[in-house]
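> just need the structure, nothing else, for what follows:
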Amino acid sequence: MIELDGIGKQFGTQWAVRDLTLRVEPGTFFTFLGPNGAGKTTTMKMMAGLLRPTTGTIKICGFDVAREPVAVKARIGYIPDHPYLYGKLTGREFLSFVGGLYCLERDRIRSGIEALLAAFALEAEADKLIDGYSHGTRQRLAFAACFLHQPRVVIIDEPWIGLDPRNIRTAIEFLKRRAREGTTIFMSTHTLDLAEEIAERIGIISSGRLIYDGDAAGLRGGSAGGIEEAFLELTEGRTEPAPPAGAGWGSSPGGVQ
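Predicted coordinates for the structure are as follows:
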């Protein structure tokens, strides 16, 4: 479902991602780990078609992201680290707008909205303006919008910011259920214990290079201190400074992460 072949991204003279090759099979829950500035967000933006790779190719569901961007975006869901929502719409209006962007039939939009509002406990806020939402409520709405068109691949960048423990658990169970149903989940996080709990595969990137690809047991087995100690040992001293914010084609104000 996800094929990265030798992808790299250069900002000026600095490489944020270098020679990254990866395959992720259907229904896999893949967790992407790495220190700040390691290249996680840059990689995920390239997968979503928001950044153009300097080298290599990316295919999602068999479609080339650079050559067939519309086909790819019809099949993926993407939750960035800081989702943008339209504050002057209500939650329900925003979800309806998203359904329209994907050209879904009205009945499917309505039924999907009701199901997702219930799944993320948003019924009470659905008809209020997004401007008045807390950060956690905005994040739950971003989850709902991501899944409205039933994507085959979901790319999620550090989704737990602003969510309380109950909502984190709700989101985790929802994602695990979708993975069991065949959706491929590619998620970055800094929460190592959650990565160990939920991921079938773990990838670790440092200084723009993939330095581990395997399961939690394999990672944990390399260190007497468990997954956290193993992560620290693998990444110690490897992270390089990120390029300036806004550098390069299609970059966002958040810079490289």
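
> list the buried residues of stretch 76-94.
Within stretch 76-94, the residues scored as buried using 16 or more other Cβ atoms under 10 Å are 76-81, 83, 85, 90-94. Yep, even glycine has a C-beta here, placed from its N, CA and C like the rest.

> now that stretch, how far from the centre of its chain.
Relative to its chain's centre, stretch 76-94 lies at 14 Å (Cα atoms, centre = their mean, to the nearest Å).

> straight-line length of it, end to end?
18 Å (Cα to Cα, to the nearest Å).

> ok, stretch 154-173 next?
From its first residue to its last, stretch 154-173 covers 15 Å (Cα to Cα).

> please apply the same query to stretch 144-159.
For stretch 144-159, the end-to-end distance is 12 Å (Cα to Cα).

> also stretch 30-39?
Start-to-end, stretch 30-39 (Cα to Cα) is 16 Å.

> same check on stretch 111-125?
Stretch 111-125 end-to-end distance (Cα to Cα) = 17 Å.

> now it: mean pLDDT?
The average pLDDT for stretch 111-125 rounds to 96.

> cool, and stretch 41-52?
Stretch 41-52 comes out at a mean pLDDT of 96.

> how about that stretch: buried residues?
For stretch 41-52, by 16+ other Cβ under 10 Å, it's 41-51.

> on that earlier part again, between the buried residues of stretch 76-94, which is nearest Leu101?
Nearest to Leu101 among the buried residues of stretch 76-94: Phe94, at 10.8 Å, using Cβ to Cβ.

> how far away from the center of its chain is the host helix or strand of that closest one?
Assigned by DSSP states H and E, Phe94 belongs to helix 91-101. Averaging C-alpha positions (Cα atoms, centre = their mean) puts helix 91-101 20 Å from its chain's average.

> residue contacts, Ile109?
95-96, 99-100, 148 (Cβ atoms under 8 Å, 6 or more residues apart in numbering).

> among those residues, which one has the most neighbours?
In terms of neighbour count, Leu95 stands highest of the contacts of Ile109 at 24 neighbours, by other Cβ atoms under 10 Å.

> these two touch, right, it and Leu148?
Yes: Leu95 is within contact range of Leu148, at 6.0 Å (criterion: Cβ atoms under 8 Å).

> among the buried residues of stretch 76-94, show me the least confident.
Lowest confidence among the buried residues of stretch 76-94: Asp81, with 83.

> I'd guess that residue is in a strand, am I close?
No: assessed with DSSP: H, G, I helix; E, B strand; the rest coil, Asp81 is coil; it does not lie in a strand.

> give me the pLDDT value at the closest residue in space to Cys61 that isn't next to it in sequence.
Residue nearest to Cys61 in three dimensions, not counting chain neighbours: Arg75, with 4.8 Å by Cβ to Cβ, 6 or more residues apart in numbering. If you check Arg75, the pLDDT there is 96.
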